[in-house]
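Student: Sequence first, then the predicted structure, then my questions.
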Amino acid sequence: MNNIDKLVHNNSIAEVKLEILNVADVVTPEATIVIAALKRKIAKYEVINVNKMRNKLLEIERTEARLEKMKYENYLIKHKACMFKPLNKSQLETIRILEDAEKMGILLTPKEVRMIKKERRIQAKIVHPMQEVRYFNILEERVGRRGMCIILMAVIWIIKARCPMSRNARKYQLKAVALAKAQSDNTLGYFDPAFDGLDTMIESNGLMLTVIKNYEKHNGSATTEDVTAAKALVKISVDALIFYVNSLCIKDQKNSLSIIANAGMIPRKQRAKNTKADFSLKHGASGEIILTSLAAKFNGKKVHATYYWQYGLMIEGVLTWFDLPETMNQCKTTATGMPIDVTVYFRKSIQTKKGGRGDWCDKLGISPR
């Protein structure tokens with residue numbers, strides 16, 4: 001700390017200003033420099049004092065707010081009143097897990113919900129394909145068969161197959177032969193109807209084996225390019241087989257893990273897409289039904305659209321449709337004045353500039369209340 005700092009720090013602002021006046025009596029270059037330095041220091045410490053005062057006032061306000069909150073909470077406790085406490089992230093996650101499981105017809109216990117949360121944290125740390133393979137290989141061992149199904153299904157994971165193949169041509173051909181044999185054996189009867197490319201796959205496998213043997217003779221009867229071409233031909237069949245197995249898994253998620261194992265492949269996880277219903281209904285106020293549609297898309301992109309809505313009533317045994325007001329770029333509307341405790345059917349249609357007017361969707365029924 002220099003002399004000027006000591007002067008300002010050890011004396012009040014008023015005393016320093018008086019000192020400036022005394023120094024100013026002798027107008028010299030040195031005095032001018034000292035006066036300027038003292039004025040800068042005064043301005044600096046005035047700002048510091050103001051900030052200190054502001055911080056003290058803020059601290060007093062926070063303390064008063066805490067005391068007021070404690071007083072209010074103690075009042076509620078004393079009078080046995082209900083206090084609303086916002087849900088934390090864990091509680092909100094529990095609600096989402098239970099709702100997703102309920103949509104799939106699964107009732108979870110608190111222990112199973114905790115298990116799903118734990119597995120989600122483990123899944124979030126998976127960054128390498130080999131970690132993913134090991135995770136699925138030991139999943140059943142860790143949590144049991146039901147636990148594995150819950151983890152893969154209750155949180156809306158689609159169970160699909162993957163089939164890693166070796167770069168080595170000989171190993172690739174052997175794996176392809178094993179895949180074809182699994183289809184031919186069809187031990188548990190999952191592959192019915194049979195894979196329609198099986199005969200082509202077996203034939204391609206045989207051709208690849210012949211090319212590999214010729215290449216290994218090193219007599220020029222086969223080249224590296226011949227082996228690569230034969231391998232590419234087999235790959236077409238392997239890719240088609242994976243697509244076939246995945247189509248079976250999507251149709252039968254309950255037995256998908258068994259299907260994949262019997263196909264000689266391994267499972268992989270994939271977040272389900274477009275899980276929201278294309279058209280849904282829910283109750284509003286008395287006699288009101290809220291209609292919701294997915295937003296209109298063209299070539300995978302959201303576009304401006306006109307939404308047409310209708311409600312239907314059974315009149316003398318015939319379902320008769322009535323128009324509701326259409327909406328522009330609004331994929332949600334409310335039907336009012338619906339009859340109470342009577343099944344009312346609803347449907348919607350979308351018209352876009354590029355895609356034109358679409359067909360009416362499948363009707364949904366609901367009883368207004």
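Tutor: Great, that's in hand.
Student: Just the buried residues of stretch 187-201, please?
Tutor: By neighbour count on 16 or more other CB atoms under 10 Å, the buried set for stretch 187-201 is 190-191, 195, 197-198, 200-201. Backbone N, C-alpha and C define where each C-beta goes, glycine included.
Student: JSON lines for the residues you listed, including distance to Phe298?
Tutor: As requested, those are exported to JSON lines (distance: CB to CB, whole Å):
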{"residue": "Tyr190", "distance to Phe298": "38"}
{"residue": "Phe191", "distance to Phe298": "38"}
{"residue": "Phe195", "distance to Phe298": "35"}
{"residue": "Gly197", "distance to Phe298": "34"}
{"residue": "Leu198", "distance to Phe298": "39"}
{"residue": "Thr200", "distance to Phe298": "37"}
{"residue": "Met201", "distance to Phe298": "38"}
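Student: Where helices are concerned, which of these count?
Tutor: Applying DSSP state H to these, the entries found in helices are 198, 200-201.
Student: Least confident secondary structure element in the protein?
Tutor: Least confident helix or strand, the chain: helix 3-10 with a mean of 50, by mean pLDDT, DSSP states H and E.
Student: Report the residue ranges of every domain in this structure.
Tutor: Domain assignment of the chain by automatic domain parsing yields the ranges 3-64, 86-155, 165-272, 279-366.
Student: Quick check: which of those domains is nearest to Lys71?
Tutor: domain 3-64 (10.4 Å; CB to CB).
Student: Does Ile159 touch Gln253 like I think?
Tutor: Yes - Ile159 is within contact range of Gln253, at 5.9 Å (criterion: CB atoms under 8 Å).
Student: higher neighbour count, these two?
Tutor: For Ile159 versus Gln253, neighbours defined as other CB atoms under 10 Å are more numerous around Ile159 (24 against 17).
Student: quick one: which helix or strand includes the more buried one?
Tutor: Counting by DSSP states H and E, the element that carries Ile159 is strand 157-162.
Student: Mind checking the pLDDT average for the helix or strand following that strand?
Tutor: Using DSSP H and E, the helix or strand that follows strand 157-162 towards the C-terminus is helix 169-185. Mean per-residue pLDDT for helix 169-185: 93.
Student: And helix 169-185, what does it pack against?
Tutor: Judged by 3 or more CB pairs under 8 Å, 6 or more residues apart in numbering; DSSP states H and E, the packing partners of helix 169-185 are helix 198-216, helix 224-251.
Student: Tell me the buried residues in the shortest one?
Tutor: Applying a neighbour-count criterion of 16+ other CB under 10 Å, the buried positions in helix 198-216 are 198, 200-202, 204-205, 208-209, 211-212, 214-215.
Student: So what touches that helix?
Tutor: The contact list for helix 198-216, computed with CB atoms under 8 Å, 6 or more residues apart in numbering, reads 169-170, 172-173, 176-177, 179-180, 183-184, 195, 221-224, 226-227, 230-231, 233-234, 236-238, 240-241.
Student: 10 Å instead?
Tutor: 169-170, 172-181, 183-184, 191, 195, 197, 220-238, 240-241, 244 (CB atoms under 10 Å, 6 or more residues apart in numbering).
Student: so for it, what's the average pLDDT?
Tutor: Here the average pLDDT along helix 198-216 is 92.
Student: mind showing which ranges of this structure have poor pLDDT?
Tutor: Across the chain, the ranges flagged by pLDDT under 70 are 1-31, 34-35, 73, 75-86, 103-106, 126-130, 132-133, 152-158, 269-276.
Student: Show me where it has its strands.
Tutor: Using DSSP state E, the strands of the chain run over residues 157-162, 266-271, 279-283, 289-293, 297-298, 301-302, 305-315, 318-328, 332-335, 344-352, 356-357, 364-366.
Student: wait, which of the ones you listed is closest to Ala124?
Tutor: Closest to Ala124 of the strands of the chain, according to CB to CB: strand 266-271, at 12.1 Å.
Student: still on that earlier bit, deepest in the core, which of the domains of the chain is it.
Tutor: Counting by mean count of other CB atoms under 10 Å, domain 165-272 has the highest mean neighbour count of these, with a mean of 16.
Student: Now the phi/psi pair for Asp252, please.
Tutor: When read as degrees, to the nearest 10, the backbone of Asp252 gives phi -140, psi 70.
Student: Could you do Thr187 as well?
Tutor: Dihedral angles for Thr187 - degrees, to the nearest 10 - are phi -50, psi -50.
Student: was I right about it contacting Ile259?
Tutor: No - judged on CB atoms under 10 Å, Thr187 makes no contact with Ile259 at a distance of 11.3 Å.
Student: what do these two both touch?
Tutor: Shared contacts of Thr187 and Ile259 (CB under 10 Å, 6+ apart): none.
Student: Leaving out the residues flanking it, which one is nearest to Ser237?
Tutor: Leaving out its chain neighbours, the residue that sits closest to Ser237 by CB to CB, 6 or more residues apart in numbering is Met201, at 3.6 Å.
Student: before we move on, what about Ala335?
Tutor: Using CB to CB, 6+ apart, the nearest residue to Ala335 is Ile289, at 4.7 Å.
Student: What distance do you get for the closest residue to Tyr307 other than its chain neighbours to Ala285?
Tutor: Here the nearest residue to Tyr307 in space, its sequence neighbours aside, is Thr327; by CB to CB, 6+ apart that works out to 4.8 Å. Distance, Thr327 to Ala285, using CB to CB, to the nearest Å: 19 Å.
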